[in-house]
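In: My questions concern the predicted model and sequence given below.
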Amino acid sequence: MAPPLLLAVGRARGGPEAALFEHHNARLRPALALRELPEGRGSPAEIRRREGAAILAALPEGALAIALDLGGEMPDSERLAVLTGKWAEAARPLAFIIGGAEGLDESVLARADQRISLGRLTWPHMLVRGLLAEALFRAQCIRANHPYHRAWRPG
Ligand SMILES: C[S@@+](CC[C@H](N)C(=O)[O-])C[C@H]1O[C@@H](n2cnc3c(N)ncnc32)[C@H](O)[C@@H]1O
């Protein structure tokens with residue numbers, strides 16, 4: 001099975017956000033295969049539509065598409081560990097999707113099998129790559145009983 005795909009709008013040209021993604025992605029097994037898509041032009045709606053068409057065209061056939069979206073389910077790390085296990089069991093090509101500055105087009109949200117939110121704060125799309133890779137690594141550690149994740153919370 002091919003490694004999970006990360007379809008992300010925008011091109012990272014080095015910098016701390018790219019380093020953050022590379023750092024966490026290198027720890028994931030398997031690592032995400034990053035595919036960057038060009039930013040759209042025009043009005044916000046046109047940008048979303050153009051970027052959306054490019055995202056849909058880049059999705060592998062039959063992909064289990066997970067859209068990173070503020071309106072999605074907001075899992076905690078333990079729940080994400082459960083979800084990642086289910087996604088792996090589905091035995092379909094897995095693809096995560098991160099939108100651009102204008103967010104994801106309705107066509108992408110409609111195609112997505114699941115929408116995941118990393119919390120109520122809006123993060124810059126380049127930063128979301130690193131946040132997602134860290135969250136997936138943490139989920140992997142939880143599933144493997146690796147002590148990276150310290151589950152303790154005050155009562
Ligand atoms: C700057 S945000 C777009 C904000 C846009 N106003 C919206 O509501 O989608 C760019 C992309 O980063 C991702 N993103 C940003 N914050 C997020 C969060 N808290 N949870 C999940 N994805 C997020 C989404 O994929 C989004 O399309």
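Out: Sure, I can see it. Residues are numbered from 1 along each chain as shown.
In: CA atoms only: put stretch 93-107 into PDB for me.
Out: What follows is stretch 93-107, C-alpha atoms only, in PDB (Å, rounded to 0.1, in the frame of the first residue of the first chain):
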ATOM      1  CA  PRO A  93      -5.300   4.700  -0.100                       C
ATOM      2  CA  LEU A  94      -5.300   7.400   2.700                       C
ATOM      3  CA  ALA A  95      -5.100  11.100   1.800                       C
ATOM      4  CA  PHE A  96      -5.100  14.000   4.200                       C
ATOM      5  CA  ILE A  97      -6.100  17.400   2.700                       C
ATOM      6  CA  ILE A  98      -5.100  20.900   3.900                       C
ATOM      7  CA  GLY A  99      -6.600  23.900   2.300                       C
ATOM      8  CA  GLY A 100      -5.200  27.300   1.500                       C
ATOM      9  CA  ALA A 101      -5.700  30.700   3.000                       C
ATOM     10  CA  GLU A 102      -9.300  30.700   1.800                       C
ATOM     11  CA  GLY A 103     -10.100  27.300   3.200                       C
ATOM     12  CA  LEU A 104     -11.500  24.200   1.400                       C
ATOM     13  CA  ASP A 105     -14.100  24.300  -1.300                       C
ATOM     14  CA  GLU A 106     -17.500  22.800  -0.600                       C
ATOM     15  CA  SER A 107     -16.800  20.200  -3.300                       C
END
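In: model confidence over that stretch, on average?
Out: Averaged over stretch 93-107, pLDDT sits at 98.
In: and that stretch, which residues are buried?
Out: Pro93, Leu94, Ala95, Phe96, Ile97, Ile98, Gly99, Gly100, Glu102, Gly103, Leu104, Asp105 (16 or more other CB atoms under 10 Å). Heads up, the C-betas are built off the backbone N, CA and C, glycines and all.
In: And for Phe137, the neighbour number?
Out: Using other CB atoms under 10 Å, Phe137 is surrounded by 21 other residues.
In: Go ahead and confirm it touches Pro30.
Out: No: using CB atoms under 8 Å, Phe137 is not in contact with Pro30, being 11.7 Å away.
In: Mind picking the two most distant members of the buried residues of stretch 93-107?
Out: Between any two of the buried residues of stretch 93-107, the greatest separation by CB to CB is 26.4 Å, found for Pro93 and Glu102.
In: one step back: would you reformat the buried residues of stretch 93-107 as JSON lines and include distance to Leu131 and secondary structure?
Out: Shown next, in JSON lines, are those (distance: CB to CB, whole Å; DSSP: H, G, I helix; E, B strand; the rest coil):
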{"residue": "Pro93", "distance to Leu131": "22", "secondary structure": "coil"}
{"residue": "Leu94", "distance to Leu131": "18", "secondary structure": "strand"}
{"residue": "Ala95", "distance to Leu131": "17", "secondary structure": "strand"}
{"residue": "Phe96", "distance to Leu131": "11", "secondary structure": "strand"}
{"residue": "Ile97", "distance to Leu131": "14", "secondary structure": "strand"}
{"residue": "Ile98", "distance to Leu131": "10", "secondary structure": "strand"}
{"residue": "Gly99", "distance to Leu131": "14", "secondary structure": "coil"}
{"residue": "Gly100", "distance to Leu131": "16", "secondary structure": "strand"}
{"residue": "Glu102", "distance to Leu131": "19", "secondary structure": "coil"}
{"residue": "Gly103", "distance to Leu131": "16", "secondary structure": "strand"}
{"residue": "Leu104", "distance to Leu131": "16", "secondary structure": "coil"}
{"residue": "Asp105", "distance to Leu131": "21", "secondary structure": "coil"}
